[in-house]
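Enquirer: Let's see this in three dimensions:
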Amino acid sequence: MLDTILFDLDGTLLPLDEPTFLRVYFGGLIRRFAPKGLHPDDLIRAIGAGIDRVRENIGPETNEKVFWKAFMSVLPQAEAWMDEFYRYYEEDFDQVRISSQVQPLAATIIGALHRKGYRTVLATNPLFPRIATEKRIRWAGLSPSDFELITTMENSTAAKPSQEYYLEVLRKCGSRPENCMMVGNDVWEDGAAESLGIPFYLVTDCIINDHHRPWESLRYGTFIELARYLDSLPPVGAEKRHVIK
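Expert: Residues are numbered from 1 along each chain as shown. Now for the predicted structure:
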């Protein structure tokens, strides 16, 4: 019986212009660190090394620890930058909001799912610390309290599209694949949930398909069509058993 909906964030609940996001995000980091003597090329190289290592992580260390180990392999004095890095998220990260839009239906569908007894999980790729993820949740017109679980660098030991990431989400939720559905905009990263038997709904408004995988056979639609589909789901525990086809 379906009772848990896993949502991606960027490009799904939060419509996002990725090129603008990256330009403003890295521009803000460079402006904060360059006056302190950190060359932009070194900063970007260190961040890239950290993200690459997180994408390869399958535990047991958290993504946060893995990121900083890789970062420090490029910048050995990285301890001096860590506090400043998190201050960037506290003080400057909201500038990146210009790359996003509010999808009014996001709050509507989350509220409707809760009223029908569904559990909602924010299964966003845990490449960012919690503070940055919670800010993006609010950009979407939502609250961190809307989700039973939010995957972040601090609480995750794997990343999309690895099976280990989705297995960790299932363990933390105490759920089985057939009880869940993944909703996302990335054919490769979010669609990987299907390898574990988790049905997938592809949101096409901000679709990402960097690996050029065929997706027409998937269940897919615009965010408006997703809202209609979720609205058609019966309440959890209804006598009529619902099966995702």
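
Enquirer: next SSE after the worst-scoring helix or strand of the chain on mean pLDDT?
Expert: When the helices and strands of the chain are scored by mean pLDDT, DSSP states H and E, helix 79-91 comes last with a mean of 87. Sequence order places helix 104-115 as the next helix or strand after helix 79-91, per DSSP states H and E.

Enquirer: CA atoms only: put the least confident helix or strand of the chain into CSV for me.
Expert: Output in CSV follows, covering the C-alpha atoms of helix 79-91 (Å, rounded to 0.1, in the frame of the first residue of the first chain):
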residue,chain,number,x,y,z
GLU,A,79,40.0,24.2,8.9
ALA,A,80,40.5,28.0,8.8
TRP,A,81,37.8,28.3,6.1
MET,A,82,35.1,26.0,7.5
ASP,A,83,33.4,28.5,9.8
GLU,A,84,33.5,31.1,7.1
PHE,A,85,31.9,28.6,4.7
TYR,A,86,28.9,28.1,7.0
ARG,A,87,28.7,31.8,7.6
TYR,A,88,28.2,32.2,3.9
TYR,A,89,25.1,30.0,4.1
GLU,A,90,23.8,32.0,7.0
GLU,A,91,24.5,35.4,5.6
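
Enquirer: which residue packs closest to the residue most central in space within the chain, ignoring adjacent ones?
Expert: By Cα atoms, centre = their mean, the chain has its centre lying nearest to Thr124, at 1.6 Å. The shortest distance from Thr124 to any non-neighbouring residue, by Cβ to Cβ, 6 or more residues apart in numbering, is to Leu9 (3.8 Å). For the C-beta atoms, the positions are set from N, CA and C on the backbone; glycine is no exception.

Enquirer: just Gly237 next, same as before
Expert: Once flanking residues are discounted, Gly237 sits nearest to Gly117: 6.2 Å by Cβ to Cβ, 6+ apart.

Enquirer: Show the contacting residues for Gly161.
Expert: One thing to correct before we go on: residue 161 is Pro, not Gly. By Cβ atoms under 8 Å, 6 or more residues apart in numbering, the contact set of Pro161 is Trp188, Glu189, Asp190, Gly191, Ala192.

Enquirer: now with 10 Å?
Expert: Contact analysis of Pro161 by Cβ atoms under 10 Å, 6 or more residues apart in numbering lists Arg55, Asn125, Asp186, Val187, Trp188, Glu189, Asp190, Gly191, Ala192, Ala193, Ser195, His211.
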